[in-house]
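# Provided below are the primary sequence and the corresponding predicted coordinates.
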Amino acid sequence: MAKKEITNKENLMEVLNFLDGLKIEYWIDGGWGIDILLGKQNRVHRDIDVDFDGKFTDILLDALNVKGYTIITDWRPSRIELYHPELGYIDIHPLIISEDGSAKQAGLNDDWYDFKAEWFSSALFEERIIPCISAEAQKLFHSGYELREVDKIDLKNLASILT
């Protein structure tokens, strides 16, 4: 049986409700994060990228397992990709959050990515305030690698709110 390769708006809302119920700090990143910043869905999404307070990694993974997700890619401490047959893919990114509100994320090569405190924001989407990563940070995160077509769409959409 083929895997669900599209994570739609209803899937996003169900995942947001699930995350809110866990009472952990999180922010939506990636393509859905950009669409949240724009206030509307602008393209099809394969997954939902979630940055979260890494001290809750075990709690989040246990809850995702109970919900029916299975781990597809485990690149701890950098990222873990999971799959649910009805909700699709979710890509979780544990962060180490500092007292000043900044954070860092482990890279894949014993390196670290620094997040400024002001990069943690929120936006109105579907009559709901959703925590997400800022447009400035999203633009920065779309650099340093060969862009896919969806990345080019995301950057074009980001340009409309960064001007």
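Noted; the coordinates are in hand.

# Who are the packing partners of the strand ranked longest in the chain?
As assigned by DSSP state E, the longest strand anywhere in the chain is strand 88-97. Helices and strands touching strand 88-97, by 3 or more C-beta pairs under 8 Å, 6 or more residues apart in numbering; DSSP states H and E, are strand 47-53, helix 57-67, strand 79-84, strand 103-106. Where you see a C-beta, it was placed from the backbone N, CA and C, and this is true even at glycine.

# could you check the angle strand 88-97 makes with the longest one?
In other words, helix 57-67. In this structure, helix 57-67 runs at an angle of 160 degrees to strand 88-97, with axes from the mean of the first three to the mean of the last three C-alpha atoms, to 10 degrees as the basis.

# Tell me which of the helices and strands packed on strand 88-97 sits most buried.
Neighbour counts averaged per stretch over the helices and strands packed on strand 88-97 are highest for strand 47-53, at a mean of 22; criterion: mean count of other C-beta atoms under 10 Å.

# Give me the contact list for that one.
Contacts of strand 47-53 from elsewhere in the structure, counted by C-beta atoms under 8 Å, 6 or more residues apart in numbering, are 7, 11-12, 15, 19, 24-33, 60, 81, 88-95, 97, 103, 105, 115, 133.

# tell me which residues form a beta bridge with the residue nearest the centre of the chain?
Nearest to the mean C-alpha position of the chain, by C-alpha atoms, centre = their mean, lies D49 at 2.3 Å. Counting by DSSP bridges, D49 forms beta bridges with D29, D91.
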